[in-house]
Every structure is written in structure tokens, then in C-alpha cells.
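K.L.:
Just need the structure, nothing else, for what follows:
(2 chains)
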There are 2 protein chains.
Amino acid sequence: MISKSSLYHVVEAMAPLYVAMGLGYASVRFRAFTSEQCAGINHFVALFAMPLLIFRMISSNDPYAMNLRFIAADTIQKAAILAALALWARLSARGSLAWVVTLFSLATLPNTIIMGVPILRGMYGSMSGTLMVQIVVLQFAFWYVLVVFLFEYMAAQRALVAKQQRAAAPAAVVLTVLDGDQQINASAVVPVTEGDRDADTNTEAAMPPPPAEAEAAMAAPSAKLILLMAAKKILKIPSIHASMLGLVWSFIAYREGIKLPTIIDDSVAIISVSATGLATFSVGTFMAQQSRFISCGYSVASLAMAMRFLVGPAVMAASSLAVGLHGDLLHVGIVQAALPLAVISFVYAKEYNVHPEIMSTGVIVGTFASFPITIIYYILLGL
Amino acid sequence: MISKSSLYHVVEAMAPLYVAMGLGYASVRFRAFTSEQCAGINHFVALFAMPLLIFRMISSNDPYAMNLRFIAADTIQKAAILAALALWARLSARGSLAWVVTLFSLATLPNTIIMGVPILRGMYGSMSGTLMVQIVVLQFAFWYVLVVFLFEYMAAQRALVAKQQRAAAPAAVVLTVLDGDQQINASAVVPVTEGDRDADTNTEAAMPPPPAEAEAAMAAPSAKLILLMAAKKILKIPSIHASMLGLVWSFIAYREGIKLPTIIDDSVAIISVSATGLATFSVGTFMAQQSRFISCGYSVASLAMAMRFLVGPAVMAASSLAVGLHGDLLHVGIVQAALPLAVISFVYAKEYNVHPEIMSTGVIVGTFASFPITIIYYILLGL
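P.N.:
So this is what the prediction gives:
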């Protein structure tokens, strides 16, 4: 049974996050910040504050003293959900790689760094903060890399199919498409609008599919190309740099028994301490800038919420029990799996234009809903 | 004699500030941030981070346990410099209120919150952090209020003189000016450009001065008006709100022996911890955005540096000795008086257009120079 005082402790841990988010929301609603100014703050978070926070977390985590059972449970949860989604995509006519990535992100990638560490610490003490960092290590060292790889794979596939269709299409159509391309190139200063892209896609969709042999022959070099493009993209993400660097440093530091000099640690900290406040502020500005809270329809929104708050935690509970976790470790695993969707998942979905409206709803509604949901999970697990 | 290890301790305290500043500088130079995005970060600092840091500092300072001698020394330094400047303005033909305010700010308003607290703590331990907060209390509760009042006074005087000149000018000219005003009012959405203002001033300057009696008669109600305008302006500055609120709370809390609830303190802290990093980052972006490092000419720049790094500390030393300070207290007083110019002083100078180029040079050159100068003061005082 959870006591009133420990419940208040959890509210104490969550309140500052909602205050920062509320400030961000109000700042946009009362026009204290323009959207370009918000973009500046968001850019600062993505370029400096988050990567440095991730580096600081991961570099101070002892990789030789990680809780292998806990990590196994987390890995099994994510792998099981990914396998199930892949199977569904293969068997169902409605399945596609885009839906696999979207549902996978929804179910398995909660906001661990910004919300997870302080909230779980408030619930189960500093031990759970250490466990959260271990999940963060895997998230950034492996799972986000996989997600970005899949996004790049889809983008490369689309580009390849478009190219093949142009090659296979009659000369007249090719000319039209080329004309369109040249127009877009000529007006490179103006960003391509959604409308342009849709029109382009429609033209391609209306064209007959290329002969099967040609596709197979031309698809051959694509695997290597896709890998290269994905690798290039991944190497441009500051948070991924930071996590790799932090991981390498932690392996060296904890083997040799050395520490980062205070002067470097403090120089990282002066920026990284701003991450939690600025990132939640930024989520608030993001919410206020959306025209609708639920931009993907109620049934899809319900599916998204079910993946986030039911499927994710349920599979985590099953995999935790399977590897023999119990007590606080089990509870930490389940509660962290029920945290709101990570904002970074929306950022990628938006960048690659793969169901961004679902991810936006996931972040907005998820963040609002998580306050009661996280507390309900906490109370139920404490019974 | 200062030991090598304590000198390294000081470098350790200063390095993170310069790292954050360097990041800001590089971000603009390598075009990672647009100037509007920089404005967003600066706006966040001015609207939320700084006021909340000031509130947190002042509200946790025990106003019944302040070091009265130390405060007296600081007050005497500022009052003496202000009196000397006022006397000079009265006696010299080149003296003016604008120069009094500029030279006063240069000599007496160092960057106490962002640079002072961490650097002085690195030099003389946590005792000096507490002393710095006491100077911050007076700075925000009194001295910045005075500076803003003087700026408002000058602005009101200029506006009044312009109005009188319009009233005294021939009817035809009045009509033209009124037309101009109406045009500006009609296009209130578009900010008035410098060019407009200059044109306006030129028109006024070309007009004959009004008869002396009329000026005296119309100037009578202005004192009240100026006070009102200054009060209105001051009440709009978030940092001043925050310092007043913090001061009131500290008087209540330390008399009644109560503390801010953790939930409120943490909600303030989630934003306020970002102030130091973001504010120094912002100074770096400010430096990079200036077309010239020294925008006011070398002789004026030298005067500014002399006021900041020689006159200010020298008068502080004299007033400290006069009230009987010695040892670390004396040293803290002198070193804090030799810190670089507060950025907020530039912000106000820019807003009221009173020697902004001198204040910009004061911040830029002063911040670069302060690294060796602060350390030299520290070593000399330790001999």
C-alpha cells in the first residue's frame, strides 16, 4: 500500500515538469514567444542541452555494473513487440513498414531522460534513477539507431521506386516528371510544400508498376546504399554522437578507474542542467503550436494510447516476470514503460513524414494523460 | 600567497562560463542559430530564467543576517561614484545625465549573479557566495531601479521638450507633425524604424526653441509624470518583480521560520538552473552578432575599461577600508567590483538608446579581459 506521503513525493517530482510545460504552453498562447523564437529554444535543446545531458548520464553509468536481468527484460519487451509487428505486417494486407515503425515507437519508446529519471527517482529512490540510465544507454546506443535506420530505409526505398518508375515509364511521362523536378530545383530557396509532394506521389502512384525483373535488378545495389544513407544520417544526430562518446568513455573510465576532470564535467553540466527545464518548456510550446490536440482521428488516437499505456507496460510486465524480476525492479520496469511518448520520436516521424500526426497526438495526449496514468500504475503496483 | 591548487580552482570556476560563451559565439559564427533564434533564447533568459534565479537567490537570503559592514562598503562605493559624477556633470560643460548614468553603470554594476557567484565561490568558498547574494539583493532592489528611473527620466524629458517645441512651433509645422503621429498610430503593427525616429528628431531640432516662460510652466507637471512613467516601466521588468517578491518573501520566511514548499522550490529551480548556462551562451551570441568588437572608438573604450577595472575596484577598496573591512571580506569586495560589466546594463542602454555602443564594448571587451584581470586581482590580493 502506497502511503500518502510517498504519493505526494511523486506529485512533487512531476509538478516541476508540468510547470515548465505550462510556461511553454502559455508563452505561445499569450504570444510572448514567436514560433521562430520557440524553434531557437528547441534547437538549443536538440543541439546542445540534450546531447550533453545524455553524455553526462551515460558517461557516469558503470557499464560493468549494469543490471543484466533488468536490461534483458527491456530488450525482450522491445524485441517481442517488434517481432509481433513484423509478423502482422507480413500476414495482414493493411500491414506496412511505416505502421511497424509507428506502432513500435508508440509501444516501446517512452520519455525516459526528461520525465523518467526524475519521476522514477521520486517513486522508488535513487536506485531507479540508475536503472533508468541503463535503459537510456540502450535506447540511444541501439533502439533509436534502429528506428532511424528503418526511416532511412523507407525513404531510400521510396526514392528508388520513384527512380525506377521514371525509367520504366513512357518518354512523355518522364519529361513531365523531369519538368516538375527542374521546377522544384529552380525554386530551391522555397521549401517544397506538402501539396507539391502529394502531387508528386500521386503522379507516381498513377503510373504502371515496372516489370518485376527490372525492379529486382535495380534493387540490388540499394541495400548497401540504404545502409550508407542511414549511417550518414545517424552520424549527424548530436544525441547519438553524445551517447556513443559517453558509452566509449564509460567503458574506459570504469575499467581504468578514472574520472572526468571537474573542469570538463562542470563545463558539460553548465549546459546539460538546462535540458530538463528547456525540453519540457519546448514540449509545451509544441503543444500550443498545434492547431488540434487530436490531429489523427479518435480511433487512431485510441490505438496510439492503448499501445503506449497498455500494450507497452503489459509486454514489459510479462518479459520482466519471464526473466525473474520482482519487487521494486519489476515496478520500475512497468512504470517507466507507461511514461508518455518521447518527443524525439515525434521529431523523427515529422522529419521523415511517417505518420507525424499520430506521433504528435501521442506526445500531446500522452503527456496530459500520463499524470493520472503514471500515478494509477504506481498505486496499483504498490497494493 | 595563492597556491597553485587554489588558482586552478578559480580557473575551474571560470572555465564553464567561457565554454558556454564560446558555444554561443560559435553557434552564431557557424550559422547554427539565426538571430531570431538567438533572440528566443535571450528572451527566455530575460523573461523566465533570470527572474526565477534572482527570486531563488534573494528569497533564500536571510535579510536579518546580512553583513552590514560589507553592504555599507558596497553602498558607499556606489553612492560616492554617483555623487562624484553628478558633481562633474554640474561643473563641466561636457557633463550630462546620459554620461552620468553610463559611467555609473560602467563603474559600479558588475555581473554578480551569473559570473560573480560561481567565481567568488571558487576563490573564497561558500561564504563569498552568500556575500554576493547580498550585493545582488541591493543591486536589484535599489540600484537597477534607480538606473531605470534615470533612463525613464531622460526619455520623459526628451518627450516633453519635443512636445513643447511642437506647441511653440508655427501652426503649419504642428499639422505636419500631427500627421506624422497619426500615420505612426495607424501603422502601429509595424514597429517605428530608426529612420523614422531620426527624421522626427531632425524636424524638432530644426525648430526654434520655445520661450523660456512657457517651458517652465509646462515642465511643472512633468516630475509627477516622469515618476509615473518610470514606475510603470519598472513594474514591467520581470527581474525587478522577482527581486521584490523574493525580498518580501525572505523577510516573512526568516521572521516566521518557514520555508518554501519543495514542490514550489523545485518548480522554480527546473527553470532557474538554466540561467547561468543560457545567459552566458546568450552573451556569446551577442558578441558574435556585433559587427565590431570595439564599436565606440579606442579612447572611449579605454575610459570604459578604466571605469570598470580600476575606478570601481579602487573606490570599493577605499570604502571597504573606511568601514573597517579586512581579510577575505575586503578581498571579496574588491574582486567582485572588478568583474565584467553586467549584460543587463547593456540591455537597458540599448532599450533607451543611451550610449549602447559603449556598453556593448564594455560587455564584450570586459568579458574577454576579465579572465586575466580577475585572476591578477586574486593573486595580488593574496600576496
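K.L.:
Could you count how many residues lie near the residue of the stretch 251-383 of chain A found nearest chain B?
P.N.:
Nearest to chain B in the stretch 251-383 of chain A, going by C-beta to the nearest C-beta, is residue A:274, at a distance of 3.3 Å. The C-beta positions use only the backbone N, C-alpha and C, and glycine is treated the same way. With neighbours defined by other C-beta atoms under 10 Å in any protein chain shown, the count for residue A:274 comes to 31.
K.L.:
how far away is it from residue A:308?
P.N.:
The gap separating residue A:274 from residue A:308 is 27 Å, by C-beta to C-beta, to the nearest Å.
K.L.:
which regions of chain A sit below the pLDDT cut-off?
P.N.:
Chain A contains residues with pLDDT under 70 at A:1, A:169-211, A:213-223.
K.L.:
try 50 this time
P.N.:
Along chain A, the parts satisfying pLDDT under 50 run over A:171-211, A:213-221.
K.L.:
Close to chain B: what parts of it are there?
P.N.:
A:11-12, A:15-17, A:19-20, A:23, A:27, A:32-34, A:36-41, A:43-44, A:47-48, A:262-263, A:266-267, A:269-271, A:273-274, A:276-278, A:280-281 (C-beta under 8 Å from any C-beta of the partner chain).
K.L.:
Which of these fall within strands?
P.N.:
Among these, none falls in strands (DSSP state E).
K.L.:
Which parts of chain A are strands?
P.N.:
With strands called from DSSP E, chain A shows none.
K.L.:
which residues sit in contact with the residue nearest to residue A:28 when sequence neighbours are not counted?
P.N.:
With C-beta to C-beta, 6 or more residues apart in numbering or on different chains as the criterion, residue A:28 has its nearest non-adjacent residue at 3.5 Å, and that residue is residue A:288. Neighbour list for residue A:288: A:24, A:25, A:26, A:27, A:28, A:29 [criterion: C-beta atoms under 8 Å, 6 or more residues apart in numbering or on different chains].
K.L.:
just checking, which of the residues you listed belong to helices?
P.N.:
A:24, A:25, A:26, A:27, A:28, A:29 (DSSP state H).
K.L.:
Excluding chain neighbours, what is closest to the most centrally placed residue in chain A?
P.N.:
In chain A, the centroid-proximal residue (C-alpha atoms, centre = their mean) is residue A:345; its distance is 2.4 Å. Of all residues not flanking residue A:345 in the chain, residue A:105 sits nearest, at 4.4 Å (C-beta to C-beta, 6+ apart).
K.L.:
residues near that neighbour, how many?
P.N.:
Neighbours around residue A:105, by other C-beta under 10 Å: 28.
K.L.:
Tell me how many other residues crowd residue A:64.
P.N.:
Residue A:64: 8 neighbours (other C-beta under 10 Å).
K.L.:
Return the residues in contact with the residue lying closest to it once chain neighbours are set aside.
P.N.:
Once flanking residues are discounted, residue A:64 sits nearest to residue A:254: 5.5 Å by C-beta to C-beta, 6+ apart. Contact partners of residue A:254, counting by C-beta under 8 Å, 6+ apart, are A:62, A:63, A:64, A:65.
K.L.:
Farthest pair within those residues?
P.N.:
Using C-beta to C-beta, the contacts of residue A:254 span at most 7.7 Å, a distance reached by A:63 and A:65.
K.L.:
how far away is the nearest residue in space to residue A:354 that is not next to it in sequence from residue A:89?
P.N.:
Sequence neighbours aside, residue A:98 is the residue nearest to residue A:354 in space, at 5.0 Å (criterion: C-beta to C-beta, 6+ apart). The gap separating residue A:98 from residue A:89 is 9 Å, by C-beta to C-beta.
K.L.:
Then residue A:11?
P.N.:
41 Å.
K.L.:
Counting neighbours, go ahead and name the busier of the two.
P.N.:
residue A:89 (16 against 13).
K.L.:
Spatially, what comes nearest to the more buried one if we skip its sequence neighbours?
P.N.:
Per C-beta to C-beta, 6+ apart, closest to residue A:89 is residue A:95, 3.3 Å.
K.L.:
I figured that neighbour was touching residue A:101, is that so?
P.N.:
No - contact criterion C-beta atoms under 8 Å: residue A:95 and residue A:101 do not qualify, at 11.7 Å.
K.L.:
Now do the shared contacts for the two.
P.N.:
Contacts common to residue A:95 and residue A:101, judged by C-beta under 8 Å, 6+ apart, are absent.
K.L.:
Comparing the two, which shows the higher neighbour count?
P.N.:
Counted by other C-beta under 10 Å, residue A:95 and residue A:101 do not tie: residue A:101 has more neighbours, with 26 against 16.
K.L.:
Tally up the residues packed near the residue nearest to residue A:128 when sequence neighbours are not counted, please.
P.N.:
Leaving aside its chain neighbours, residue A:128 sits nearest to residue A:120 (4.1 Å; criterion: C-beta to C-beta, 6+ apart). Residue A:120 is flanked by 28 other residues according to other C-beta under 10 Å.
K.L.:
Tell me where the stretch 51-200 of chain A has helices.
P.N.:
Along the stretch 51-200 of chain A, counting by DSSP state H, counting those that start in this stretch, helices occupy A:68-91, A:97-108, A:117-124, A:126-138, A:144-168, A:171-186, A:194-206.
K.L.:
what's near enough to touch whatever residue of the stretch 51-200 of chain A ends up closest to chain B?
P.N.:
Here the residue of the stretch 51-200 of chain A nearest chain B is residue A:118; by C-beta to the nearest C-beta that distance is 8.9 Å. Contacts for residue A:118 were tallied using C-beta under 8 Å, 6+ apart; they are A:13, A:14, A:16, A:17, A:276.
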